[in-house]
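K.L.:
any chance you could fold what I've pasted below:
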Amino acid sequence: MQEGKSFQISKHQILHAYKCVKANKGAGGIDGINFEEYEKDLKNNLYKLWNRMSSGSYFPKPVKGVEIPKKNGKMRLLGIPTIEDRIAQMVVRLTFEPIVEPLFYDNSFGYRPNRSAIDAVGITRERCWKMPWLIEFDIVGLFDNIDHTMMMKAVKWHTDEKWVILYIERFLKAPIVMNDGVLKIFSAVTELISLTVFILLIKLSLEEIIIRGVSPECSRLVQVFPNHR
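P.N.:
Numbers count the residues shown, from 1 in each chain. Modelled structure (predicted):
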C-alpha cells in the first residue's frame, strides 16, 4: 500500500477500468462531460480519481435520470452516471465480479463477461428442436424493489475488501437528477446506476429458485444472501 493511502488501489486498475469504459462508449452524465472533453486532460483526471479512491475521499456525483418509453406505454427510468463515476464503478466491478462469476450456471448468459444475447439465442435455437415448451416471464419492478440492506449483506458475504464495500454503498446512495432539475432519492437501484455485480447477485439467487425449484433457504442461495430468511 502506498504511503498515506487508506486503500490499496493501483493506478493500473484505474487505467484498465478507463479503457473498459471507453470501449463501452456512452453519453456523458450530469456534468455534461463526454469522452472527448474528459480526454483533454486524461492523465490528470485519472490521477485525481485514483488519488480520491485510494484515500477513501471519492464520492460519486448525482446520476442523470432519463426516461425512455416501454412497449406497454409506461416509462423506464435509466440512470446515466458521469464518465468518472463509470470508471470508478468499473474499478469496483473488475475486483468483485471474478469472485461471484464462477457461481453461475452454464445456462446463464445475461450480464456476464464474454457472453451475449446472441449466444443465448444460439442455445435457444438448438433447444427448440429438443423441447416442446418454452417459459417466458418478466419480473415487474425488479430494480425498483431491491433491498439495499440485503444487497450489502450479500456483498459483505463475498468480500471483506473495505473499499469495495464502501464504494458500492456510496454508489447506491447517489441521487438522480431529472431533466427538469428535480432531485430524486431512490431506495431502489435503477438499471444503469447499479453495478453489474448487483445484477449478478440477483440473477444468481433467481437461478437457484427457478432452475432447482427450491425455496430461498437452499444451500447455494444462502451462500449469496446468507442472512435472508
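K.L.:
when you work out contacts or count neighbours from here on, use the C-alpha atoms and nothing else.
P.N.:
Will do.
K.L.:
separation between residue 122 and residue 136?
P.N.:
The spacing between residue 122 and residue 136, counted by Cα to Cα, to the nearest Å, is 17 Å.
K.L.:
those two: who's more crowded?
P.N.:
For the pair residue 122 and residue 136, the greater number of neighbours falls to residue 122 (11 against 4), based on other Cα atoms under 10 Å.
K.L.:
wait, what's in contact with residue 123?
P.N.:
If a contact means Cα atoms under 8 Å, 6 or more residues apart in numbering, then residue 123 has no contacts.
K.L.:
distance-wise, check it relative to residue 61.
P.N.:
Relative to residue 61, residue 123 is positioned 40 Å away (Cα to Cα).
K.L.:
one more: residue 131?
P.N.:
Counting by Cα to Cα - residue 131 and residue 61 are separated by 48 Å.
K.L.:
these two: which has the busier surroundings?
P.N.:
Neighbours per residue, other Cα under 10 Å: of residue 131 and residue 61, the larger number sits with residue 61, 18 against 8.
K.L.:
where's residue 66, which helix or strand?
P.N.:
Under the criterion DSSP states H and E, the helix or strand holding residue 66 is strand 63-69.
K.L.:
and for residue 9?
P.N.:
In this structure, residue 9 sits in neither a helix nor a strand according to DSSP H and E.
K.L.:
same check on residue 33?
P.N.:
Going by DSSP H and E, residue 33 is not part of any helix or strand.
K.L.:
can you map out the helices along the protein?
P.N.:
Listed in chain order, the helices found in the chain under DSSP state H are 11-24, 35-38, 42-55, 83-100, 117-127, 148-158, 162-173, 196-212, 219-224.
K.L.:
okay, those helices in JSON lines with mean pLDDT and distance to residue 65 next?
P.N.:
Rendered in JSON lines, the data for the helices of the chain read as follows (pLDDT from 0 to 100; distance: least, Cα to Cα, whole Å):
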{"stretch": "helix 11-24", "mean pLDDT": "95", "distance to residue 65": "19"}
{"stretch": "helix 35-38", "mean pLDDT": "95", "distance to residue 65": "19"}
{"stretch": "helix 42-55", "mean pLDDT": "97", "distance to residue 65": "23"}
{"stretch": "helix 83-100", "mean pLDDT": "91", "distance to residue 65": "15"}
{"stretch": "helix 117-127", "mean pLDDT": "89", "distance to residue 65": "26"}
{"stretch": "helix 148-158", "mean pLDDT": "80", "distance to residue 65": "20"}
{"stretch": "helix 162-173", "mean pLDDT": "90", "distance to residue 65": "14"}
{"stretch": "helix 196-212", "mean pLDDT": "56", "distance to residue 65": "18"}
{"stretch": "helix 219-224", "mean pLDDT": "42", "distance to residue 65": "30"}
